[in-house]
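Chemist: Give me the fold of what follows.
(one chain, ligands or ions: 1)
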Amino acid sequence: MASESIEEDKKWEAMLRRMLPTGAPLPDEDHLDYSFAVEYAGPPVPYDVPRVDPLEIACGGGSIRTLSIASSASDHASAVAVPVAMPVHHRFPMFSRVRNGGFNREPRSPVESQRSSSVSRTQFDSRSGEVVRSDFSLEVAEREVTADFSDSVTPIPKSAPLGRGGAVEGKRPITVTFRTLKDSEDDHDYDGYLSSQSVATEPVGSPFASVHSANTSKKRWICSRCGNRNRLKEKEACFVCDSRYCSNCVLKAMGSMPEGRKCVSCIGMPIHESRRSTLGKCSRMLSRVCSPLEIKQIMRAEKECAANQLRPEQLIVNGRQLRQEELAEILGCPIPPQKLKPGRYWYDKDSGLWGKEGEKPDKIVSSKLNIGGKLQTEASNGSTRVYMNGREITKVELRVLKLANVQCPRDTHFWVYDDGSYEEEGQNNIKGNIWGKASTRLVCSLFSLPVPPNNPSGVEENATNHSTRSVPEYLEHGRVQKLLLFGMEGSGTATLFKQACLSAKFLYGNKFSTEEVQDIKLMIQSNMYKYLSILLEGREQFEEEARKQSTSLDGEGSGPETEADENKPTIYSINQRFKHFSNWLLEIMATGDLEAFFPAATREYAPMVDEIWRDHAVQETYKRKEELHNFPDVAKYFLDRAIEISSNEYEPSEKDIIFAEGVTQCNGVAFMDFSFDDRSPMSEIYNNDNPPPLTKYQLICINSKGLHDRCKWLEMFEDVRVVIFCVALSDYDQMWPNSTGELRNKMLVSRDLFKSLVRHPCFKDTPFVLLLNKYDAFEDKINKAPLSTCEWFGDFSPVRPHHNYHALAQQAYYYIAVRFKELYYSITGQKLFVGQTRARDRASVDEAFKYIREIIKWEDEKDDDVYEINQEDSFYSTEMSSPNIRQE
Ligand SMILES: Nc1nc2c(ncn2[C@@H]2O[C@H](COP(=O)(O)OP(=O)(O)OP(=O)(O)O)[C@@H](O)[C@H]2O)c(=O)[nH]1
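Modeler: Sure, this is the predicted structure:
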């Protein structure tokens, strides 16, 4: 080895001596310079010396032009021209970061990378892209190349050395072979140094972008770098070009992510708008490949870097496109519009009301901002002939104004200020404050109309804080996700709602107030008399039947013939002492005026209620409770404690509240706010000093009694994130009167209600969650009454005979879930999320809400691969992985 190297050195020395002028000293080892810059001064050589023309670098413009199409003439028989990328074209900056932060390197800290990226940005000041390539279509890529580089003509042989860093830094050209879709799919080991940056430079919505998305959507599970096709392996997508990378490649392809999740070659480019809502939200995959600190910095950079912000041309306010300084004003004001997306908006600078063009107000932002054009009368497409600050208001607003007792006959022109005070135009006389009353604020919230913050001085306080914070950080707060809970009467929606309210885990400053607890107490006491009256009425009926039966057994006639027969005791005959009370109670029930007597008389009659309940005849009647219409099984729970419940000191326990009927019935709608701690499942990335903002939710419960004019109501809820529809599994053998009094199977009635909601235009793009409730009652029942009792489930045939009713119930449950899924799919083409609950069981309800929260998160991150795989594979597939909630 040593002698070989000596020989080698000697050859080099001899060569150098030939090249240097005679007598010139040889440079020592450290100063040897093998570059082309060493001037040749030796004798003429008998072969062609390779020539490289000097590069022209235009001052300030940073333009080094160089892309060429590798000619195949020299050494390729192939007729296909091989495009070759060289740095640098005026349109694309040179990215030193590619070398530093790009491929084949260990990930650096985001701080380090941010430094390097800012150097690149300031040096080259334009959109990125040193290499043009495509991973989806040769044709498209070539078109792009021709358009941009038609005058770049340095032919480079295909055999030129392939080096990634070289191309970027202009020292050595890179040969990039364009691949067709087929190529890339077939070959998993290809270099993968491809970029869709040309796509990303296209304006959003351009045909080019859609070609790209159509192509990528077909193969989103394929890693754009290594070609890994494992569908179960999560992929991270570039926010600009949507290229997907597996966990092995993501850092190599995205470098240290100074602008968040973008391929290195997409850095500096605007994100695709569909990704805006996911900015700053870490994915599971990223949380595995980066350290917590890195994730924090990457997510922050992703949300806050300049390239990822909205551009002024994307916003039109009051009919006019914003200017840069106007965008800065709106984003930097104390109360900016949250989660602003590109689009057309109206803004009322006097009241601060803000909405989408042609729609009702959506937000209240800082007033007096000088942005956009003049507010138009038809800005919100109102048709009420009532005008607020020149804008014709919408019907919903008018309804709320009326509820707030604001006199607003037709052709009224109001002037409303940002504190809610209002006056009629031209009268100079403040008439009141629109949002002054708590009830108005509540109604606004219910109708999804914005209200100003409670404490205007608080606004100022916060405003200072907010304005010093970055906009995205501010926007994270105040986000309320509305969940609409719906169900047929008796399906358990109220119980679900109450469980959610009572679940300390979910509570968001909203406990039952003393007055509410008092109302619940009165409701429970009244209910006791209702249950007793149902029993007493049933008892009378059973007694009569029993007499008839015994008479027919005794003799000929069809009914009691003598007075003795009429008074003949049966097991349903009540103690004479209670007869008078029983008649009186039934009379009151018949008048429907129960509330007039009870619970005022509760204490007085409590001993009587207790005795009657324990009476033998009443207990016999209770044994036949299934035959009593509208007799809930919770009746026993309360009647057993009649004396305790009737006392002055009685305070309903949580369980009592859960079991109490009618608590949410007052106006058919109830709602409560709560929040989830969204730290899971990557809680390790947050420390206690910097907890993430809690996501706020509002659960709105509508029971079927409040749905008489449901179509009108529903329009108020078009902005809900999820519709939760509750069906009682145990309803499959129940009958229910429809509007004409005709009895129908209750499951079918539920199904029809479900259908009408799914078809309702205001829920067109809203995901639905079906909660199949009362699983416990279903298990008890399934062995006694076949599922086919309901004609919709006529073809249910368990795969094998089941002695184990748990297994049978489970099969039946899956079957029902699939029937609903099929139905939903046939209407919407979408997948229905299905969960199972036992609403009386807190844990089950907690699980259901976790599941719903996951759905919302996954809807937000719809591009997540695992999620999509399921959608593509089968609409029956397991879509969620919530541990304790069963679903198919
Ligand atoms: N066995 C069982 N009973 C339940 C379940 N969920 C609710 N219930 C009971 O079913 C009855 C009706 O439930 P509610 O929640 O009142 O039903 P709702 O009709 O939607 O609500 P309201 O009419 O407002 O009371 C009540 O007696 C509940 O206690 C459940 O999962 N299992």
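Chemist: For the closest residue to residue 392 other than its chain neighbours, grab the count of nearby residues.
Modeler: Setting aside the residues directly before and after it, residue 392 is nearest to residue 382 in space (C-beta to C-beta, 6 or more residues apart in numbering), at 3.7 Å. C-beta coordinates here come from the backbone N, C-alpha and C atoms, glycine included. A count of nearby residues for residue 382, using other C-beta atoms under 10 Å, gives 22.
Chemist: repeat for residue 359
Modeler: 15.
Chemist: thinking it is in contact with residue 382, fair?
Modeler: No - judged on C-beta atoms under 8 Å, residue 359 makes no contact with residue 382 at a distance of 10.0 Å.
Chemist: How much space separates residue 519 from the ligand?
Modeler: Noted for residue 519: a distance of 13 Å to the ligand, by C-beta to the nearest ligand atom, to the nearest Å.
Chemist: Just the pLDDT for the residue nearest to residue 392.
Modeler: At residue 382, the model reports a pLDDT of 91.
Chemist: hang on, isn't it packed against residue 394?
Modeler: Yes - with contact defined as C-beta under 8 Å, residue 382 counts as touching residue 394 (4.6 Å).
Chemist: got the contact list for the helix or strand where residue 396 lies?
Modeler: Under the criterion of DSSP states H and E, residue 396 resides in helix 395-403. Helix 395-403 has contacts (C-beta atoms under 8 Å, 6 or more residues apart in numbering) with 360-361, 382-384, 386, 388, 393, 408, 434, 439-440, 443-444, 447, 449, 715-716.
Chemist: Go through the residues you listed and flag which are in strands.
Modeler: Counted as lying in strands by DSSP state E, out of the contacts of helix 395-403, are 361, 388.
Chemist: Give me the buried subset of the contacts of helix 395-403.
Modeler: Buried members of the contacts of helix 395-403, scored by 16 or more other C-beta atoms under 10 Å, are 360-361, 382, 384, 386, 388, 393, 408, 434, 440, 443-444, 447, 449, 715-716.
Chemist: Show me which pair in these is furthest apart.
Modeler: Based on C-beta to C-beta, the longest span within the buried ones among the contacts of helix 395-403 runs between 434 and 715 and measures 21.2 Å.
Chemist: Tell me which residue in the stretch 251-400 of the chain sits closest to the ligand.
Modeler: The nearest approach of the stretch 251-400 of the chain to the ligand comes at residue 399, 24.2 Å away (C-beta to the nearest ligand atom).
Chemist: Around the ligand, pick out the residues from this structure.
Modeler: The chain comes close to the ligand at residues 487, 489-495, 632, 634, 659, 661-662, 664-665, 703, 773-774, 776-777, 838-840, as judged by C-beta under 6 Å from any ligand atom.
Chemist: and the longest helix seen in the chain, what other elements does it pack with?
Modeler: Of all the segments of type helix in the chain, defined by DSSP state H, the longest one is helix 514-554. In terms of contacts (3 or more C-beta pairs under 8 Å, 6 or more residues apart in numbering; DSSP states H and E), helix 514-554 is packed against helix 563-566, helix 576-591, helix 594-597, helix 602-614, helix 616-623, helix 634-639, helix 642-646, helix 654-659.
Chemist: can you do 7 Å?
Modeler: In terms of contacts (3 or more C-beta pairs under 7 Å, 6 or more residues apart in numbering; DSSP states H and E), helix 514-554 is packed against helix 576-591, helix 594-597, helix 602-614, helix 616-623, helix 634-639, helix 642-646.
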